[in-house]
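Q: Show me how the following folds:
(chains A and B)
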Amino acid sequence: MKRTHHLQVSPGEVGEYVILPGDPGRCRLIAEHFEEPKLVASNREFVTYTGKHRGLSVSVVSTGMGCPSAAIALEELIMLQAKYFVRLGTTGALQKELRIGEVVIANSAVRTDGTSLEYVPLEFPAIADFDLTMALLEASREKGIKAHMGTIWSHDAFYKGSVFADPDFLERERWLVDSGVLSVENESSALFVIGYLRKVKVSTILTVVANHHSKEVLSDEEALEPIFDLMTEICLEAFHKLSSTPEG
Amino acid sequence: MEQIQYHIKCRKGDVHRAVLLPGDPARATYIAENFFANPRQVSENREFRIFNGLYEGFPLAVCSTGIGCMSSAVAIEELVNVGCKYFLRVGTAGSLQAGIRPGEIVIATGAVRGDGASLEYIHPSYPAVADFSLLKALRKRAEREKVPYHLGIIRSHDAFYRESPLAFGDFKKRVQIWVEAGVLAIENESSTLFVVGSLRKAQVGSILVIAGSLATGEEVSYEEIRESVDMAIKIAAGALVDLLKGENEP
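A: Below you'll find the predicted structure:
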C-alpha cells in the first residue's frame, strides 16, 4: 500500500497506539513525551509523529477541527493498522461546576455532527470504548487528577454553540445543560461511532478551557502546556494498561 | 405521609435502593424466591411486582417492568421517586450476530434508541449509555464466575413482531443495518432505562441472556437457557452488592 490519501503516511510508519489532538501545533509538544520521536508526515491539518514509549509503538496525529477531518484521520489510521486511539483536546463547560483546567473523560457523546450521520442513523449511540475509558480514568487517578466522566456534546458549528456564539446560545441549548451533558467539543461523536463500527478502541480526554455560564475563557496557549503534558502522560499510561507487550 | 406512587403502589423508603429489573413479573418472583434471603413482597399492580430481600447480606429489591420501554419508564421513574438509585435490567434478548449463541451473556455498554419513549424525553442524538461503574462491577462479577460475556452496543425497539425470530416476513432484512453496525443483540427496554437513568441521575446497566437469534433464525426453549439466566441474575445481584459496598469507600 502506498501513502494514505490525506495523512500521507505509509504502512509501518504509525504505531498501534495513537493520540489525536485537534491542533497540528500541539503534535510536537505531545511527541516530546515519546522516545526518539520522528516527524513522519505533514499534510493539510494532519501532522504525524511516531516514536516509542517504554516498548510501545506510539504516534500522535492531529485531526484538524471537526468531525469530517477527524473521521478521515481515524479511517486512514485504521488502514495503517493502528488499534487504540485517544482524542486529547480542549472543551467548553456546559455545567457551572466544571472549572477551567479540570479534566473531562467522555464515555459518550451527543451526536449532532453531520459526519457520524452518514455512517449510521441517529439513534445509534456514540459510546467510547469501555476498557480504554476506564484505563484513562484509572491513569488520571494515579496522577492525582479527579477527572469528570460522562456524556459530552459534539457538534459542527463552532459559532452557534460556543462561548463566542450569540448570547442566546445557552438558552437555545438548555436541553444539554439540563440533561447533565458535561461540556462541548467538535470531534468525539464521529470518532466513537466509527471506532465501534470499525472495531477499534477510541476514547476522549479533554481539558476545560471555557465555561459557558461564567463566560471565562482561557486562550493562553502557554498556560495550557502543563495540562497537555499531564494529559499526554495519562494517555500513555492508559495505553500501557491495555497492552500485553512487556515494557522494554 | 409520603405520596403513594401511581403505578408501583409504593412510598418513599419502601423499596431497597439497588434494584434488579426483569421484564417478566414471574421472574421477579423467581428471583426473590431463589436468590434473596428473607424475601418480602412490597407491592403488586399491573405488570409491576416488587420484592425486597437480602443478597450476600445486602439489601436488594426486584421489580418487573413489563415488556417495552413505555412501562419500563414508568417503573424506573417511580422507583427513583421512592429513593432507588442503582438499577440492573436482567432479561433476554435476540442475537444479531452469528457468533453470539443462545445461552450466551451480553452486557450492554449502550443501546440504539429504536423506541418511542426515550424520544419523548430527549432528542435521539443523546446517547443511551450504561453507567460505567456498574459495567465495571458486572465485569468483575462475570470474571469471578469465569463466565464469558459479550460487551457492546445493543438495540432496543418497540415492535417485537417486526424484529424477532418470530416476526412475519423478512425480519433479517429489517435488522441488516444493525447487524452490519456490529450491534450485538436486540431487546425492548434498555434504551429508555439508560436515558431516563442519565436524566434522573440514577445508575443503570443491563445484562441479557440470548434466547434466540435473528442472525440464524434459531429459537430455543426457556429450559435450554435457564442456567444462563440464573448466572446472569447472580452476576447482576453481585454487581449491585459491590456498588453498595463501594458507597462506604473513600
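Q: how about stretch B:188-207, does it reach chain A?
A: Yes. Applying CB under 8 Å from any CB of the partner chain, one finds stretch B:188-207 in contact with chain A at B:198-199, B:201. Using the backbone N, CA and C atoms, a C-beta is placed for each residue, glycine as well.
Q: Quick one: mean pLDDT over that stretch.
A: Taken as a whole, stretch B:188-207 has an average pLDDT of 98.
Q: now do stretch A:59-78
A: pLDDT averaged over stretch A:59-78 gives 98.
Q: got a pLDDT number for residue 154?
A: Here I'm looking at chain A. 98.
Q: Hmm, no, I was thinking of chain B.
A: With respect to pLDDT, B:Ile154 has a value of 98.
Q: pretty sure it is in a strand, no?
A: Yes. Under DSSP: H, G, I helix; E, B strand; the rest coil, B:Ile154 sits within a strand.
Q: Confirm for me that it is in contact with B:Ala108.
A: Yes. Using CB atoms under 8 Å, B:Ile154 is in contact with B:Ala108, at 4.5 Å.
Q: what residues are shared contacts of those two?
A: Listed as contacting both B:Ile154 and B:Ala108 by CB atoms under 8 Å, 6 or more residues apart in numbering or on different chains are B:184, B:190, B:206, B:208.
Q: Quick check: of these, which has the highest neighbour count?
A: B:Ser190 (33 neighbours; other CB atoms under 10 Å in any protein chain shown).
Q: so what does the lengthiest helix in chain A touch, helix or strand wise?
A: Scanning chain A for the longest helix, with DSSP state H as the assignment, gives helix A:221-242. Contacting helix A:221-242 under the criterion 3 or more CB pairs under 8 Å, 6 or more residues apart in numbering or on different chains; DSSP states H and E are the following elements: strand A:17-20, helix A:27-31, strand A:46-53, strand A:56-61, strand A:84-93, strand A:103-111, helix A:130-142, strand A:201-211.
Q: which one of these lies closest to B:Ala32?
A: helix A:130-142 (30.6 Å; CB to CB).
Q: Where is the longest helix in chain B?
A: Longest helix in chain B, counting by DSSP H: helix B:222-246.
Q: Return the residues of chain B in contact with chain A.
A: B:109-114, B:122-129, B:132, B:135-136, B:151-153, B:177, B:181-183, B:198-199, B:201.
Q: Mind checking which of these are buried?
A: With burial judged by 16 or more other CB atoms under 10 Å in any protein chain shown, the buried subset of the residues of chain B next to chain A is B:109-114, B:122, B:124-129, B:132, B:135-136, B:151-153, B:181, B:183, B:198-199.
Q: still on that earlier bit, check which residues of the longest helix of chain A are buried.
A: A:224, A:227-228, A:230-240, A:242.
Q: and if you look at stretch A:132-139?
A: Buried residues in stretch A:132-139 (16+ other CB under 10 Å): A:132-137, A:139.
Q: go on, stretch A:101-113?
A: Applying 16+ other CB under 10 Å to stretch A:101-113 flags A:102-113 as buried.
Q: The residues you listed into JSON lines, with extra columns for pLDDT and distance to A:Leu218?
A: Output for the buried residues of stretch A:101-113, formatted as JSON lines (pLDDT from 0 to 100; distance: CB to CB, whole Å):
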{"residue": "A:Glu102", "pLDDT": "97", "distance to A:Leu218": "11"}
{"residue": "A:Val103", "pLDDT": "98", "distance to A:Leu218": "14"}
{"residue": "A:Val104", "pLDDT": "98", "distance to A:Leu218": "14"}
{"residue": "A:Ile105", "pLDDT": "98", "distance to A:Leu218": "19"}
{"residue": "A:Ala106", "pLDDT": "98", "distance to A:Leu218": "20"}
{"residue": "A:Asn107", "pLDDT": "98", "distance to A:Leu218": "24"}
{"residue": "A:Ser108", "pLDDT": "98", "distance to A:Leu218": "25"}
{"residue": "A:Ala109", "pLDDT": "98", "distance to A:Leu218": "22"}
{"residue": "A:Val110", "pLDDT": "98", "distance to A:Leu218": "24"}
{"residue": "A:Arg111", "pLDDT": "98", "distance to A:Leu218": "27"}
{"residue": "A:Thr112", "pLDDT": "97", "distance to A:Leu218": "25"}
{"residue": "A:Asp113", "pLDDT": "97", "distance to A:Leu218": "24"}
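Q: got a markdown table for those, with distance to chain B too?
A: Converted to a markdown table, the buried residues of stretch A:101-113 look like this (distance: CB to the nearest CB, whole Å):
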| residue | distance to chain B |
| --- | --- |
| A:Glu102 | 18 |
| A:Val103 | 16 |
| A:Val104 | 14 |
| A:Ile105 | 10 |
| A:Ala106 | 10 |
| A:Asn107 | 5 |
| A:Ser108 | 4 |
| A:Ala109 | 7 |
| A:Val110 | 5 |
| A:Arg111 | 5 |
| A:Thr112 | 5 |
| A:Asp113 | 9 |
